[in-house]
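# any chance you could fold what I've pasted below:
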Amino acid sequence: MRFSVYQISRKGGREKNEDRMGYCYTRDSGLFALADGMGGHPEGEMASQLALQTMAALYQRDAKPRLADPIRFLQDAIMAGHHQLLRYASERGLMDTPRTTLVACILQGNTAYWAHCGDSRLYFVRGDKLIARTRDHSYSELQNTISSVVPLNERYNRNVLFTCLGSPGKPVVDTAGPLLLQEGDRILLCSDGLWGTVEDELITHNLATRAISDAVPELVETALRNGGAKCDNVTVLAMEWESASNEEQPGVSTESLGDEVFASTIQASVGNTGSPGDNGDADELDDAEIERSIREINEAIRRSANAKKN
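Numbers count the residues shown, from 1 in each chain. Predicted structure coming up:
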């Protein structure tokens, strides 16, 4: 596999950043995921972090170096994150459970699979066309979908979701794929801090006409400007699929990785004990930590490539 990736997260006008993102990969498979901890419930940043940690841990366990069933993995991993949140709240005697949205995409071979719960979105752009987008699990999106069939007078706030991880009921998980990838396809994952103030047409145009390293920062800055002083957290993780033979383009190539090599920008654990959720006061991931993780991944790739030559 060969791909380029760019990720960025900004706090906006909020007191803290409750969004989390990251990616993992082996030689033959890649996982990209983003979660948005929900305000109005306790420890939103812990909810998003714990959901991603759970998914990354299961991915490391199951991708050897491929997943046997990517769709089944996505469904099971999202539900595992949900149960981890319920367990976390129970063990700490919380009156309410931390909650989060989650969107995740798996690239394997030359195909893409994705799943989501809540209103964090995936956009799939090919050429200048938006060929796929997730549909939010919100009452406003549901209303828009059925309004042509059943007239509805009441308008719902777009922030009101009918499902998420950590909810009292079983989460709704929508899945899609497999979709065959073509060279130059772009996939973008984002929290509602982006799409809430930036139209789909502008997101598509930027992805279609600019390198993701230019498109993503511009989209984030646009969202921050449009959101004003009370702007929500804005988090974006974007990937461009490239052929492994295109060595002139910068990016990640996994061909030289060994069967057991696993790389990740998602923290393995929040605390120092190795168990997800052991430290409720964990610092949020900042740009320096992300860059350090990427450097460590690139170093692991170089070591693996050198080992194969010797």
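
# so Cys117 sits right up against Val173, yeah?
Yes - taking Cβ atoms under 8 Å as the contact criterion, Cys117 and Val173 are neighbours in contact, 5.1 Å apart. Every residue, glycine included, has its C-beta placed from N, CA and C.

# intersection of neighbour lists for the two?
Among the neighbours of Cys117, those also in contact with Val173 (Cβ atoms under 8 Å, 6 or more residues apart in numbering) are Ile78.

# which one's more surrounded, these two?
The residue with more neighbours, out of Cys117 and Val173, is Cys117; 28 against 21, by other Cβ atoms under 10 Å.

# pLDDT weak spots in the stretch 101-250 of the chain?
Low-confidence segments of the stretch 101-250 of the chain, defined by pLDDT under 70: 140-159, 243-250.

# what ranges do the helices span in it?
According to DSSP state H, counting those that start in this stretch, the stretch 101-250 of the chain carries its helices in the segments 139-146, 192-195, 200-209, 212-227.

# determine which stretch of the ones you listed is the most buried.
Per-residue neighbour counts averaged over each of the helices of the stretch 101-250 of the chain give the maximum for helix 192-195, namely a mean of 26 (mean count of other Cβ atoms under 10 Å).

# counting contacts, what elements does that one pack onto?
Applying 3 or more Cβ pairs under 8 Å, 6 or more residues apart in numbering; DSSP states H and E, one finds that helix 192-195 makes contact with helix 212-227, strand 234-242.

# who touches the longest one?
Think helix 212-227. Residues contacting helix 212-227 (Cβ under 8 Å, 6+ apart): 4-8, 10, 12-13, 186, 188, 193-194, 196-198, 202-203, 206-207, 209-210, 231, 234, 236, 238-240.

# stretch 169-177 too?
With contact meaning Cβ under 8 Å, 6+ apart, stretch 169-177 is reached by 70-71, 74-75, 78-79, 82, 106, 111-117, 132, 134-135, 137, 162-165.

# ok, now stretch 9-16?
Judged by Cβ under 8 Å, 6+ apart, the contacts made with stretch 9-16 from elsewhere in the structure are 17, 19-21, 45, 193, 220, 224, 227-236, 284-285.

# distance of Val261 from Glu255?
11 Å (Cβ to Cβ, to the nearest Å).

# okay, the two: which has more neighbours?
Applying other Cβ under 10 Å to Val261 and Glu255 shows that Val261 carries more neighbours, namely 17 against 12.

# wait, doesn't the more buried one sit right on Arg27?
Yes - using Cβ under 8 Å, Val261 is in contact with Arg27, at 6.7 Å.

# what is in contact with the two at once?
With contacts defined as Cβ under 8 Å, 6+ apart, the residues shared by Val261 and Arg27 are Pro65.
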